[in-house]
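1. Sequence plus predicted model, see below.
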Amino acid sequence: TIWSIKMSKYKSTTAALLLCTAVSLQAQASDELDKIQREVGIMEKILSAALKQDTDNKVRNVSSSYLQHQGVVFSFDVRGSSRWSTVFASVPDAPLPPMPDIDFEELTEIEVLGEHVQVISDAVVVKTQEAYQQAMEVMRESAERVREVAEQERDVSREIRDLEREKRDLEFDRRHDKDAKEQELEKRKQALQASIKELEKQQLKLSQKQQQMRKELAEKKQARVKEQKQQLAALAQQVDKSLSLTLCDYGSGLRSLPNDEHVSFIIRGVSEGKTEQVKVFKKSDIKKCVVGDIKAAQLLEKASSYSF
């Protein structure tokens, strides 16, 4: 019928319009993604250049990705003076000999730091390599001095044991050897007692010296750890400041990013251990900073920050 023919044409036309609309929306979405991809690529290069300049070339491996309906994610590694601290932190400290009471037979030898430290050729790391090598040399020499004192104390302890043994032998001879000259044996015994007393004084001095050296070595280690933490904290502040300034100066380049999405950063190397530092900025807050409504420091305060 005529009605059926009209309905068939109407359905065909509607289907064609829906198909065209779907294709148009898909093309529009693809075009938007292409724009975001281009803008993110440009921002990645800007961030890389700014971070390297602001941190004295301590940032590398800057990469980016986009999560639809969520936002842009940048990630990068931070390496600087902290790189050498990480390397040395992975090397166990040379073990010190155990503090004895009297017996030194079980004294543990010191294991000196050696080939465990891998050689790193990064241009940035070379700047701090010499300073850390000097620090390690001081620690190594301190451990060696403790070992030498421990060996001296062990030798004295052995001498004391030898003299004590000889003293016991003399007493045995005096009790059982009727022909021995008791006066001569007593004289020798007194000489041994004097030698033992002198050696015991030496042993006490060496023990006190070793304890003091151990204390100084522990203090040096604590100072080294404290310095590394301070350097790491300072570097983290440099990175944060660089990120907020760069977003305020160049954040307008992400114009195709929807206002309700975010710009996030995954930062490796500024937290202790293997944790990563994550910072999330709202696109709306970035726009405020771009137009001057808020400062870079305020933008940084508004960002969500956590370790993961």
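-> In hand now; what should we look at? In this text, all values refer to a predicted model and were calculated from it rather than measured experimentally.
2. For this structure, which segments are assigned as helices?
-> 2-54, 81-89, 123-176, 182-250, 283-290, 296-302 (DSSP state H).
3. Quick one: mean pLDDT over the longest one.
-> Within the predicted structure, the mean pLDDT of helix 182-250 is 88.
4. so what secondary structure elements neighbour it?
-> helix 2-54, strand 71-78, helix 81-89, helix 123-176, strand 262-268, strand 276-282, helix 283-290, helix 296-302 (3 or more Cβ pairs under 8 Å, 6 or more residues apart in numbering; DSSP states H and E). (Glycine included, C-beta is placed from N, CA and C.)
5. if we go to 6 Å?
-> Under the contact criterion of 3 or more Cβ pairs under 6 Å, 6 or more residues apart in numbering; DSSP states H and E, helix 182-250 touches helix 2-54, helix 81-89, helix 123-176, helix 296-302.
6. pLDDT (mean, whole number) over the second one?
-> Mean pLDDT, taken over the full extent of helix 81-89, equals 45.
7. What of the third one?
-> In this model, helix 123-176 carries a mean pLDDT of 69.
8. which other residues reach stretch 270-284?
-> Stretch 270-284 is contacted from outside by 78, 236, 257, 259, 261-268, 303-308, using Cβ atoms under 6 Å, 6 or more residues apart in numbering.
9. Let's see that with 8 Å instead.
-> Here stretch 270-284 makes contact (Cβ atoms under 8 Å, 6 or more residues apart in numbering) with 71, 78, 82, 229, 232, 235-236, 239-240, 243, 247, 254, 257-268, 299, 302-308.
10. For it, list the C-alpha coordinates in CSV.
-> Taking Å, rounded to 0.1, in the frame of the first residue of the first chain, the C-alpha atoms of stretch 270-284 are listed here in CSV:
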residue,chain,number,x,y,z
VAL,A,270,61.5,11.7,45.6
SER,A,271,60.0,9.4,48.2
GLU,A,272,61.9,7.0,50.5
GLY,A,273,61.9,3.4,49.4
LYS,A,274,60.1,2.5,46.2
THR,A,275,56.9,4.5,46.7
GLU,A,276,55.8,6.9,44.1
GLN,A,277,54.6,10.5,44.7
VAL,A,278,51.2,11.3,43.1
LYS,A,279,49.9,14.8,42.6
VAL,A,280,46.5,15.6,41.1
PHE,A,281,45.5,19.1,39.8
LYS,A,282,42.0,20.1,38.7
LYS,A,283,41.8,21.6,35.2
SER,A,284,39.5,24.3,36.7
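11. How about it, which residues are buried there?
-> Across stretch 270-284, burial judged by 16 or more other Cβ atoms under 10 Å covers Val270, Ser271, Gln277, Val278, Lys279, Val280, Phe281, Lys282, Lys283.
12. So what does the first one look like in phi/psi?
-> Summarising the backbone geometry of Val270 under the convention degrees, to the nearest 10, its torsions are phi -110, psi 0.
13. which residues of the stretch 1-150 of the chain score low on pLDDT?
-> 1-29, 80-139 (pLDDT under 70).
14. returning to that earlier point: in a markdown table: the buried residues of stretch 270-284, plus distance to Glu198 and pLDDT.
-> As requested, those are arranged in a markdown table below (distance: Cβ to Cβ, whole Å; pLDDT from 0 to 100):
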| residue | distance to Glu198 | pLDDT |
| --- | --- | --- |
| Val270 | 58 | 88 |
| Ser271 | 56 | 82 |
| Gln277 | 61 | 94 |
| Val278 | 66 | 96 |
| Lys279 | 67 | 97 |
| Val280 | 72 | 98 |
| Phe281 | 74 | 98 |
| Lys282 | 78 | 97 |
| Lys283 | 81 | 96 |
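15. and which of those residues is nearest to Arg147?
-> Arg147 lies nearest to Ser271 out of the buried residues of stretch 270-284, by Cβ to Cβ, at 35.7 Å.
16. Tell me the spacing between the closest one and Asp293.
-> To Asp293, Ser271 is 31 Å away according to Cβ to Cβ, to the nearest Å.
17. Neighbours of Arg147, how many?
-> 21 (other Cβ atoms under 10 Å).
18. do you know how far it is from Asp155?
-> The value you get for Arg147 to Asp155, if Cβ to Cβ is used, is 13 Å.
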